[in-house]
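[1] after the sequence you'll find the predicted model.
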Amino acid sequence: MKELVGNCSQCKKPVYCLEGFLNGVHINGTLLCFSCSEERDQNPGSLASADRRNKSDNIS
């Protein structure tokens, strides 16, 4: 079974659940496709805007 979960927050490609497995990555409330997730892992110094927002929300 193939179900649409949502769109990648960076490139807007559809991300699906295939046979119960997420075909992407969910990080800090952000949905990413595998391509964008790999790109993010290769550039750890560059945070997506959603990551910056989540980090600032957690600062007291």
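    Thanks, I have it.

[2] bridging residues for the most centrally placed residue in the chain?
    Closest residue to the average C-alpha location of the chain: Leu32 at 2.5 Å, with CA atoms, centre = their mean. Residues found in beta-bridge contact with Leu32 (criterion: DSSP bridges) are Val25.

[3] which residues does the residue lying closest to Gly24 once chain neighbours are set aside contact?
    Closest residue to Gly24 apart from its sequence neighbours, by CB to CB, 6 or more residues apart in numbering: Val15 at 3.8 Å. All C-beta spots, glycine's among them, are computed from the backbone N, C-alpha and C. Each residue near Val15 by CB atoms under 8 Å, 6 or more residues apart in numbering is listed here: 4-8, 22-24, 31-33.

[4] what is the burial count for Gly24?
    The burial metric for Gly24, expressed as a neighbour count using other CB atoms under 10 Å, is 22.

[5] no no, Cys8
    Close neighbours of Cys8, defined as other CB under 10 Å, add up to 19.

[6] report pLDDT for it.
    In this model, Cys8 is scored at 96, pLDDT.

[7] any idea how far it is from Met1?
    21 Å (CB to CB, to the nearest Å).

[8] what is the nearest of the contacts of Val15 to Pro44?
    Set against Pro44, the nearest of the contacts of Val15 by CB to CB is Leu32 (14.0 Å).

[9] surely that closest one touches Asn23?
    No - using CB atoms under 8 Å, Leu32 is not in contact with Asn23, being 10.9 Å away.

[10] now the helices for the chain?
    All helices of the chain, identified by DSSP state H, fall at 34-42, 49-57.

[11] worst mean pLDDT among those helices?
    With a mean of 46, helix 49-57 has the lowest mean pLDDT of the helices of the chain.

[12] of the contacts of Val15, just the buried ones, PyMOL syntax please.
    With 16 or more other CB atoms under 10 Å as the burial test, the buried ones among these are selected in PyMOL as follows:
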select buried, resi 8+24+31+32+33
